[in-house]
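> have a look; sequence and predicted model below, questions after that.
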Amino acid sequence: MPSLKRINLFGQGALIALLLLCIAMSLLTGRFLSPLNITNILVQSSIMAVIAIGMTFVIIGGGFDLSVGSTVALAGSIAAMTMPQFGLVAGVLAGIATGGLVGVVNGVIVANLGINPFITTLGTMVLVRGVVYLVTGGAPVGDDQLPSAFLAFGARRFLGIHYLVWVPAILVIVLSWVMAATPYGRRIYATGGNREAAFLSGIPVERIIASTYVWCGALAGLAGVMLTARLQSGQPTAGEFYELTAIAAVVLGGASLHGGEGSLYKSIIGVFIMVVLGNGLNLLNVDSYWQRVAIGAVIIAAAAADRLRSRS
């Protein structure tokens, strides 16, 4: 099991960093704390939060997944192509199932064939993106045929909060309980912390590892459906760089790239750091090229912090 002291310290550090970032942005631009901008931050964070939750499963289990961005695009496109003919529910399920299928492929290759997760998911990232372009012809799909209820899900609110924001809020509560209070969750931590010891203690290591990739893929599929609702069409170019942002967010939230450490709600804190940074730079009219430099620096800093934690 992870060192609770180290995780708590870093999780608190991430929360403090988020608060300081919010204070800095509110001082630099008066628009940052406007209701419209706060809503925008929450909606932007909701989709990445769902991806980060799935990525947390994989990283705690000792792996990572570079294919989530492409999976978001494929799942969203499949959902948009399915709904006009088969209805809203079928489209949503098709999108989630598409993501889950990518996760199954990644899980089998990594867990059962023993191929490095970096090579595996890099390959599926390129492969899945190619499939997206083949399926869609490189053009947006479903933009004038999606059900009105689905479009409302991407635009309307419940109790003053966007429907999209409710999705990660519910997921993080339910899945945090799964990770903390069930044998399955404890097995993921044990497998990521020491795979050999987990195997010797009777844990079905290969199945546990494979299941984390299924979670990651299915949740990326759900995020793709959410993004399609928000954009009101399936976009084959969607999800670019989402994988790097998700990994950085999870590590900023205290998860270790070596496995065995992390928590879902702290990964959400990491997501907010990434989104608030990008949002603040936009409000300050920072050139998009410099925004990429800043976000790249944060990713490097997250990796460096993980390295320092592993040495302590």
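Here it is on my side, so go on.
> show me the contacts for Ala294.
Under the criterion of CB atoms under 8 Å, 6 or more residues apart in numbering, the contact list for Ala294 reads 277, 281, 286. Glycine gets a C-beta too; all of them are placed from N, C-alpha and C.
> switch to 6 Å and redo it
By CB atoms under 6 Å, 6 or more residues apart in numbering, the contact list for Ala294 is empty.
> state the phi and psi torsions of the nearest residue to Tyr265 once chain neighbours are set aside.
Computed as CB to CB, 6 or more residues apart in numbering, the closest residue to Tyr265 that is not its neighbour in sequence is Val172, at 5.5 Å. Dihedral angles phi and psi of Val172 (degrees, to the nearest 10) take the values phi -70, psi -30.
> tell me how far Val172 lies from Pro35.
Summarising the geometry, the distance separating Val172 from Pro35, computed by CB to CB, to the nearest Å, is 23 Å.
> of the two, which one has the most company?
The residue with the greater number of neighbours, taking Val172 and Pro35 and applying other CB atoms under 10 Å, is Val172; the counts read 20 against 7.
> and the residue nearest the centre of the chain?
Note on the chain: the residue nearest the mean C-alpha position is Ile51, at 1.8 Å, using CA atoms, centre = their mean.
> now do the buried residues in the helix or strand hosting it.
Taking DSSP states H and E as the definition, Ile51 sits inside helix 35-60. Across helix 35-60, burial judged by 16 or more other CB atoms under 10 Å covers 37, 41-60.
> return the distance of it from the chain's centre.
Between the mean C-alpha location of helix 35-60 and the chain-wide mean there is a distance of 7 Å, by CA atoms, centre = their mean, to the nearest Å.
> which strands or helices does that helix pack on?
With contacts defined as 3 or more CB pairs under 6 Å, 6 or more residues apart in numbering; DSSP states H and E, the packing partners of helix 35-60 are helix 163-181, helix 205-231, helix 242-252, helix 264-283.
> closest one to Thr124 among these?
Ranking these by proximity to Thr124 (CB to CB) places helix 205-231 first, at 9.3 Å.
> now the closest one: mean pLDDT?
Taken as a whole, helix 205-231 has an average pLDDT of 95.
> that one vs helix 163-181, what angle?
170 degrees (axes from the mean of the first three to the mean of the last three CA atoms, to 10 degrees).
> got the helices and strands packed on helix 35-60 as TSV, with distance to Val135 columns?
Below are those laid out as TSV (distance: least, CB to CB, whole Å):
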stretch	distance to Val135
helix 163-181	24
helix 205-231	13
helix 242-252	19
helix 264-283	28
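> tell me the average confidence for stretch 173-188?
So the average pLDDT for stretch 173-188 ends up being 93.
> quick one: end-to-end length of that stretch, please.
With CA to CA, to the nearest Å as the measure, stretch 173-188 spans 18 Å from end to end.
> buried residues in that stretch?
Applying a neighbour-count criterion of 16+ other CB under 10 Å, one finds 175-176, 179, 185, 187-188 buried in stretch 173-188.
> quick check: Met55 vs Thr121, distance?
Counting by CB to CB, the gap from Met55 to Thr121 is 11 Å.
> neighbours of Val225, how many?
31.
> let me know the secondary structure of the closest residue to it other than its chain neighbours.
In space, Val225 comes closest to Gly95 once its chain neighbours are excluded; the distance is 4.0 Å by CB to CB, 6+ apart. Recorded secondary structure, Gly95: helix (DSSP: H, G, I helix; E, B strand; the rest coil).
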